[in-house]
Structures are given as structure tokens and as C-alpha cells.
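> just need the structure, nothing else, for what follows:
(one chain, ligands or ions: 1)
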Amino acid sequence: MVANETIKKKGGKRKITILLTIILSICLLFTGCTDQQKEDTLDLLIDIVVQILSPDETTDSTEEPGNSDIPFAVEGEMQVHFIDVGQADATLFIQGDQVMLFDVATAGRGDDVVKYLQDLNIDYIDVLVLTHPHDDHMGGAAEVLNNIEVGKLYAPDIFDIMEYNKNGEPIKPPVWYSEMMTAVNSIDAQLNKGVPKNQQTSIWNFPVNEDGEFEKFTIGDAVVQFYAPLEDDYSDKNDYSICAKVSFGSIDIMMTGDATTAVEKALLKQNYDLDVEIFQAGHHGSDTSNSKDFLNEMSPECIVISCGMQNKHDHPVKSVVDLFKELDLPVYRTDESGDIIMTTDGTEYIFNVEPGTYTSGKEYNDQKGK
Ligand SMILES: [Zn+2]
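Down below sits the predicted model:
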């Protein structure tokens, strides 16, 4: 799962300097020669230099000025598909030959996610992240797990909170939860066939490792760093959201699920590098997320909102789209544009659609009523 980051030798410039030094030294030896002799010798040497350098040129592109902040060599592109699943999230990251799916839409729409992946000939998900225990993020988990093989699943520890309410009374879990756990248990049973009990594992991993640090791993050459959940005793399930920064070259994307402004505030207090180019709006553009301080710290260049047209929550909320407009941030919206695909080479990025409007969810709902 955790592929090594490819660090390429950046020896191109040094090689050129050494060769030029040799040329100059030889030229100095020829100081007694005629101009024509010097010119011929130089031409010959330049030919040799070009031949020596040419095989390396393709692998040394990361040495270009301006790319010096790229922490690792960039090969190919990363694509991020913000799949249109109505009022829900399902975001697919593809880099190299690895994929990560970030949330799986609602129960009943997990099949749409499966079809979307199958249409892309994806039959294996390296990492599946289920941000938090709400239907619009985790609901389609069983449909995905039962149809596409998953290497590793990350989700917060939700087992207790799904079985008991705040007063300690047992509650009946939703159907999608039971179906998801059935799928997880059946995968675990396969994994642990013939494995001694004390060595058995689960496909279900928590976002924090054994050393208490948030997991960091790679999808191809893209680096995924989890930042949250920061606590294990939230009253609002949204705050269990796994937050992550996905970096490919110098392009960073922030994903915060439905984490509220309380979590955003807590993230600002951590020693995190929150600077990104692209932010998937928190909680589908709700005003319970997307605080100005958090946006200012991230200083994104654009926003993606995953929400359903004329949804019952009025997402995205007017004050939030107004804030995006005030900050001069283009907004890409699944409710207006359908599936949104961002492609990046690690230096620049493009979207498959034009930016959308700053129309709020309520304004769209009011239009429906007329
Ligand atoms: Zn949500």
C-alpha cells in the first residue's frame, strides 16, 4: 500500500557545470591556436556534451526553475473525480496505478459509484476512506465493498457511537450500517482464514497509527496526510470526519468531510501546513463549516462543492457562497455541472467544466417553488 516516494536524482545542472568547466579548461590549453581551430574544437566538444546529456533530459524536468518546491519527482498526472452523487460525497483520486475513494455516497447510490468506477475499468480500490458515520458519506459502503475489491479501509472508530446514544441507551443502527459491517466482517473472515487469533487483522483501519500519529501514505506519487478527527468524544458525528490533505507535486487538495467550524478552529491550532490550491467545501457548503479564518489559512485558489440540486438543506448556504465570492474563489459545483474532474501534472491543474455560479441552495429551492 505504502509505495516509496520516488526521489529522482537532480544531477542535471551539476553535470552541465562540470562539462562546461572541462570545455573551458581545454579552450584555455588552446590559447595559442587560431580562431578557426578553437571554433572546430568547441563544436566537437559541444556535440559530445549534447550526446552525453540527451538521454537524461527527460528525467530531469523537475530541475526546472520554479519547480524547486516539488518534494518528489512528478510522473504523469493525478485526476480527482468529484462524482455527482446528489446530496452526498464520493471523490475518486487516481494517480499512477493506484486509486483512493473518499466516501461512497448514500445507501442506494453506492451502486452509481460502483458503476462509475467500473466504467473507468477500476476493479480494485487501494484505499477507501469513509470520513464519518452519516448516510451521505458512508451509506453506499456495502454496495462498494461487495462489488469492488478494497485493499485498505480507513474510517474513524464509530462502533460505540453507532450502538449507543448519548444516554448510553442502545439504538438500532441504520440498515446501511448493518450491511456495511456484514461486508467488512466477511472480508475480514477471508483475510484471517487460517491466521492464528492473536495475529488476525481487519480491513478497517483507524486514521491514527499505533504511535498515535495520523496516517500518511501514498497513492501512486500523491501523498495523503490525515489531520483529523482530533478527538474521540464528539457530540456531533460530523466532527468525527477524517480530514486529509492530498498533495501531488505542488498541488494540494483539502478534504474535511462534514467537520464543523469547531474542528476547523482546532485544526488552525495544530502545527499543520494547511495551505492548499483546492478545497472541497466542508459539509456541502453548509454554514456550520467553511469559516473565514480556516479559508484564509488554507488560501485556496478555488472551491469544489459536492451537493444535490434543490436539496432539502439549502446547501450551499448563501453566507458561504457569498464568502467564496468575496474571496474571489471560482466555485465548481456538482449540482450545476454533474461529475467534475480535476487533472493536474503536479504544477498546474485544469477542470473539465467551467466554474459555476454563486447561487445559494435556498435561491434554487425558491425558484422551484415559483
Ligand atoms: Zn455530508
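
> check contacts around residue 166.
residue 235 (CB atoms under 8 Å, 6 or more residues apart in numbering). (Glycine included, C-beta is placed from N, CA and C.)

> check whether it sits in a helix, strand or coil.
Under DSSP: H, G, I helix; E, B strand; the rest coil, residue 166 falls in the coil class.

> at the contact with the ion, which residues of the protein appear?
Neighbours of the ion within the chain, by CB under 5 Å from the ion: 136, 258.

> secondary structure element holding whichever residue of the stretch 201-350 of the chain sits closest to the ion?
Going by CB to the ion, the ion is nearest to residue 258 of the stretch 201-350 of the chain, at 4.2 Å. Assigned by DSSP states H and E, residue 258 belongs to no helix or strand.

> quick one, helices of this structure?
Applying DSSP state H to the chain gives helices spanning 12-29, 35-53, 110-119, 135-138, 141-147, 159-163, 175-191, 261-269, 292-298, 318-326, 334-337, 361-369.

> return the member of the ones you listed having the minimum mean pLDDT.
Set side by side, the helices of the chain differ in mean pLDDT, and helix 12-29 is lowest with a mean of 43.

> for residue 353, which non-adjacent residue is spatially closest?
Once flanking residues are discounted, residue 353 sits nearest to residue 337: 4.2 Å by CB to CB, 6 or more residues apart in numbering.

> identify the residues contacting residue 200.
So residue 200 contacts 188, 191-192 (CB under 8 Å, 6+ apart).

> for those, give me TSV that also has neighbour count and distance to residue 311.
Converted to TSV, the contacts of residue 200 look like this (neighbours: other CB atoms under 10 Å; distance: CB to CB, whole Å):
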residue	neighbour count	distance to residue 311
188	15	35
191	12	38
192	14	41
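
> and residue 145, how close does it get to residue 135?
According to CB to CB, to the nearest Å, residue 145 stands 16 Å off from residue 135.

> ok, now residue 150?
19 Å.

> now residue 328
34 Å.

> who has more neighbours out of these two?
residue 135 (17 against 8; other CB atoms under 10 Å).

> ok, now which ones touch the closest residue to the more buried one other than its chain neighbours?
In space, and not counting its chain neighbours, residue 135 is closest to residue 106: 5.1 Å by CB to CB, 6+ apart. Residue 106 sits next to 85-88, 135-136, 139-140, 176 when contact means CB under 8 Å, 6+ apart.

> hmm, residue 217 is touching residue 224, no?
Yes. Using CB atoms under 8 Å, residue 217 is in contact with residue 224, at 5.5 Å.

> contact partners for the closest residue to the ion within the stretch 51-200 of the chain?
The minimum distance from the stretch 51-200 of the chain to the ion, using CB to the ion, falls at residue 136 (4.2 Å). Applying CB under 8 Å, 6+ apart to residue 136 gives the contacts 87-89, 105-106.

> can you rerun that using 7 Å?
87-89, 106 (CB atoms under 7 Å, 6 or more residues apart in numbering).

> and if you look at residue 305?
So residue 305 contacts 281, 284-285, 316, 331, 333-334 (CB under 7 Å, 6+ apart).

> torsion angles phi and psi at the residue of the stretch 201-350 of the chain closest to the ion?
phi -110, psi 20 (degrees, to the nearest 10).

> what bits of the stretch 201-350 of the chain have low per-residue confidence?
Within the stretch 201-350 of the chain, not a single segment meets pLDDT under 70.

> just the strands in it please.
Per DSSP state E, counting those that start in this stretch, the stretch 201-350 of the chain carries strands over the ranges 204-205, 216-219, 222-228, 243-248, 251-255, 278-280, 302-305, 331-333, 340-344, 349-351.

> dump the ones you listed to a markdown table, plus distance to residue 95.
Listed next are the strands of the stretch 201-350 of the chain as a markdown table, based on distance: least, CB to CB, whole Å:
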| stretch | distance to residue 95 |
| --- | --- |
| strand 204-205 | 20 |
| strand 216-219 | 5 |
| strand 222-228 | 4 |
| strand 243-248 | 6 |
| strand 251-255 | 11 |
| strand 278-280 | 15 |
| strand 302-305 | 18 |
| strand 331-333 | 20 |
| strand 340-344 | 9 |
| strand 349-351 | 13 |
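
> for residue 121, find the nearest of the ones you listed.
Nearest to residue 121 among the strands of the stretch 201-350 of the chain is strand 340-344 (15.6 Å), distances taken as CB to CB.
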